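Trainee: Fold the stuff below for me.
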Amino acid sequence: MGESKPSIELNLKHPELFRDKAYVNGKWIEAKSGNRFDIIDPGTDQPFATCPDMAAADVDDAVQAAQAAFQVYRTFTPRARADLLAKFDALIRAHQDDLATLLVYETGKPLAEAYGEIEYAASFTRWFTGEAERIQGTTFPAALPGRRIFTIKQPVGVTAALVPWNFPIAMVLRKAAAALAAGCTIVAKPSPETPLSALTLAYLAEKAGYPAGVFNVLPTTLANTPALSEALCKHPLVKKVSFTGSTRVGKILSAHCASSLKKLTLELGGNCPFLVFDDANLDQACAALIPLKFRHAGQACITSNRVYVQRGIYAAFAWMLASQTRSIRVGHGLDKGTTMGPLTVPLGVDKVASQVEDARQHGATVLTGGNRVTGLGGGYFFEPTIIADATPAMRLASEETFGPVLALFPFGTEEEAVRAANDTSMGLASYCFTKNVDRMWRLFENLEAGMIGMNSGNSSAAESPFGGIKDSGFGKESGKDVAINEYLITKTGTLTLEGQY
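Mentor: Numbers count the residues shown, from 1 in each chain. Reported below is the predicted structural model:
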């Protein structure tokens, strides 16, 4: 694969943080093929760096290194693992300026959002620093006399982390922090769009004192991703796989892991509904919806695509939402005043443009936006868009948008709203706004999603279990006990005692 000369200069405060080689067994290496690929700035459509194009042939070395490191790292005491995580956390926070710059160039998100992602990402290293010392087994008497039953928790082994491009630092750390706290080693495969931030994390992990082989990173292209991911999933020494991405790919990876019965966590797509009732505080609902929808240009799995508004407030809420959306400023993530950046990949612009056109053909009204943005230096820009009078026949109703387009659906009764909200194969998150406590509890129980925001927008946090149901996957990341248990096995021991008791 050819390598073009980067046309953008990075201005990092600490240039040593820029890492453009794969990281395996404590060494910075090239792919066995020698191939490299371009990393593109979504705000300009120009290359600014290159990376090794690792392939399936490069997987075994990384896994073997991680396995050898696991034999040592698994013996570290919980306090030692916590201390390492604390040092890692401190280094991430100390270098947030350079990490934020890399995020802007890799993902396109505005600089303020990049800082927000780093703070969110570091919340996982901080949280799991505490969790490392709270891994506990149990002891209890058996039903039979003279017996005692014990359980202990042990790290599962080498883990593979397959992460997306929309929150590349947060998604690596949400997986890696739990794995490292549990005593596992990790091989991370970042998205082809965002390898540099993951490699910088590997450099900081090295500086924190993690032994060689504990944290490994394999960057690769879109073309090599399927084979490399399959090799990781099927490698006999990989005992746990955690994937964040599309439902389609999640099902493929699930099949790869099934033959060896690997532990698997899947955080997949979402087509999240947002319900607003007549008695809701509209200012509160709008203040929650705008950042939930337009953060990172709508490229979040928990963003709301389908907004169901009760007819009594439909016109007022639509006007309020459109008015506030018009104040969003689109531009390059490093430009002052930018509040929404480009989409990360050009196909994302094509998808939202086609969804808007489909909605128009089905009779929807575009209240604001609806067009590609040109004249901003060649990046992948689309206007923040509000569509009114949406119907179930439109693609917006059934497809995950992953872009800055929001559709408003009117409804009459609570039963109608719940039925429409649940009319999807996905079940990641749902949101509801009402001041009726009885209704709120019914919605909490009746909405089919793994996470329910009740008079709340984005509620993702290190202390809160994150995960979906239905085609949005299974397993939990973050939260007390549940997330770290994804990286542990429980071993039961039964002891028979002699004598009278």
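
Trainee: so the nearest residue to residue 475 once chain neighbours are set aside, which of the three states?
Mentor: Leaving aside its sequence neighbours, residue 475 sits nearest to residue 265 (Cβ to Cβ, 6 or more residues apart in numbering; 3.4 Å). (Each C-beta comes from the backbone N, C-alpha and C, glycine too.) With DSSP: H, G, I helix; E, B strand; the rest coil as the basis, the three-state label of residue 265 is strand.

Trainee: who's in contact with residue 265?
Mentor: Each residue near residue 265 by Cβ atoms under 8 Å, 6 or more residues apart in numbering is listed here: 240, 241, 242, 243, 467, 473, 474, 475, 476, 477, 486.

Trainee: ditto for residue 219
Mentor: Residue 219 touches 22, 51, 52, 53, 54, 189, 190, 192, 195, 198, 199, counting by Cβ under 8 Å, 6+ apart.

Trainee: Go again with 6 Å.
Mentor: 22, 51, 190, 195 (Cβ atoms under 6 Å, 6 or more residues apart in numbering).

Trainee: can you check residue 183 too?
Mentor: The contact partners of residue 183, by Cβ under 6 Å, 6+ apart, come to 74, 155.

Trainee: Same check on residue 150?
Mentor: Contact analysis of residue 150 by Cβ under 6 Å, 6+ apart lists 139, 493.

Trainee: Figure out how far the strand or helix carrying it is from the centre of its chain.
Mentor: Residue 150 is located in strand 147-155, with elements delineated by DSSP states H and E. Distance of strand 147-155 from its chain centroid, counting by Cα atoms, centre = their mean, to the nearest Å, is 33 Å.

Trainee: Next: stretch 447-462.
Mentor: 15 Å.

Trainee: center of the protein, which residue is that?
Mentor: By Cα atoms, centre = their mean, the chain has its centre lying nearest to residue 171, at 4.5 Å.

Trainee: Leaving out sequence neighbours, find the closest residue to that one.
Mentor: Distances taken as Cβ to Cβ, 6+ apart put residue 163 closest to residue 171, at 4.2 Å, once the chain neighbours are dropped.

Trainee: could you list every residue that touches the one you found?
Mentor: Contact analysis of residue 163 by Cβ under 6 Å, 6+ apart lists 171, 172, 190, 244.

Trainee: which of those residues has the most neighbours?
Mentor: Neighbour counts for the contacts of residue 163 (other Cβ atoms under 10 Å) peak at residue 171, which has 30 neighbours.

Trainee: Can you classify it as helix, strand or coil?
Mentor: Strictly by three-state DSSP, residue 171 counts as helix.

Trainee: pLDDT score for it?
Mentor: For residue 171, the pLDDT comes out at 97.

Trainee: and residue 431, that's in a strand?
Mentor: Yes - applying three-state DSSP, one finds residue 431 inside a strand.

Trainee: Then residue 342 would be within a helix, right?
Mentor: No - counting by three-state DSSP, residue 342 is located in no helix; its state is coil.

Trainee: Do I have it right that residue 123 meets residue 463?
Mentor: No - the pair formed by residue 123 and residue 463 falls short of the contact definition of Cβ atoms under 6 Å, at 8.4 Å.

Trainee: Looking at the two, which has the bigger crowd around it?
Mentor: The neighbour comparison of residue 123 against residue 463 (other Cβ under 10 Å) goes to residue 123, with 20 against 9.

Trainee: Need the nearest residue in space to that one, chain neighbours excluded.
Mentor: Excluding the flanking residues, the one nearest residue 123 by Cβ to Cβ, 6+ apart is residue 462, at 4.1 Å.

Trainee: OK, contacts around the one you found?
Mentor: Residue 462 touches 123, 124, 127, 478, counting by Cβ under 6 Å, 6+ apart.

Trainee: Could you check how far the closest residue in space to residue 169 that isn't next to it in sequence is from residue 161?
Mentor: The shortest distance from residue 169 to any non-neighbouring residue, by Cβ to Cβ, 6+ apart, is to residue 121 (4.4 Å). In this view, residue 121 and residue 161 are 13 Å apart by Cβ to Cβ, to the nearest Å.

Trainee: In CSV: the contacts of residue 265, plus pLDDT.
Mentor: Formatted as CSV, these follow (pLDDT from 0 to 100):
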residue, pLDDT
240, 98
241, 98
242, 98
243, 97
467, 95
473, 95
474, 94
475, 94
476, 93
477, 94
486, 95
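
Trainee: Mind giving me the ChimeraX select for those, buried ones only?
Mentor: Those of those that count as buried under 16 or more other Cβ atoms under 10 Å are selected in ChimeraX with:
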select :240,241,242,243,467,473,474,475,476,477,486
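
Trainee: Among the contacts of residue 265, find me the one that's closest to residue 149.
Mentor: Of all the contacts of residue 265, residue 486 has the smallest distance to residue 149: 23.5 Å, by Cβ to Cβ.

Trainee: which sections of this structure are below the confidence cut-off?
Mentor: 1-8, 500-501 (pLDDT under 70).

Trainee: Okay, domains of it per the record?
Mentor: 15-268+474-489, 272-461 (automatic domain parsing).

Trainee: Any chance of those in a markdown table with distance to residue 495 as columns?
Mentor: What follows is the domains of the chain, written out as a markdown table (distance: least, Cβ to Cβ, whole Å):
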| stretch | distance to residue 495 |
| --- | --- |
| domain 15-268+474-489 | 5 |
| domain 272-461 | 39 |
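
Trainee: between the ones you listed, which gets nearest to residue 499?
Mentor: domain 15-268+474-489 (7.7 Å).

Trainee: Could you tell me the end-to-end distance of that closest one?
Mentor: Using Cα to Cα, to the nearest Å, one end of domain 15-268+474-489 lies 41 Å from the other.

Trainee: sorry, back to before: taking the contacts of residue 219 one by one, which sit in strands?
Mentor: 22, 51 (DSSP state E).

Trainee: farthest pair in the contacts of residue 219?
Mentor: 22 and 190 (10.4 Å).

Trainee: helices and strands around whichever helix in the chain runs longest, which ones?
Mentor: Counting by DSSP state H, the longest helix found in the chain is helix 111-131. If contacts are counted by 3 or more Cβ pairs under 6 Å, 6 or more residues apart in numbering; DSSP states H and E, helix 111-131 sits against helix 78-94, helix 96-107, helix 168-182.

Trainee: ok, then the element right after the strand or helix carrying residue 233?
Mentor: Residue 233 belongs to helix 225-234 when elements are defined using DSSP H and E. For helix 225-234, the following helix or strand on the C-terminal side (DSSP H and E) is strand 238-244.

Trainee: List every C-alpha atom in whatever helix or strand comes next after that next one, with coordinates, as CSV.
Mentor: For strand 238-244, the following helix or strand on the C-terminal side (DSSP H and E) is helix 247-258. Extracted in CSV, the C-alpha atoms of helix 247-258 (Å, rounded to 0.1, in the frame of the first residue of the first chain):
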residue,chain,number,x,y,z
THR,A,247,-24.6,-4.9,15.1
ARG,A,248,-23.7,-6.5,11.8
VAL,A,249,-20.0,-6.9,12.7
GLY,A,250,-20.9,-7.9,16.3
LYS,A,251,-22.8,-10.9,15.0
ILE,A,252,-19.8,-11.9,12.9
LEU,A,253,-17.4,-11.7,15.8
SER,A,254,-19.9,-13.6,18.0
ALA,A,255,-19.7,-16.5,15.5
HIS,A,256,-15.9,-16.3,15.5
CYS,A,257,-15.8,-16.6,19.4
ALA,A,258,-18.5,-19.3,19.6
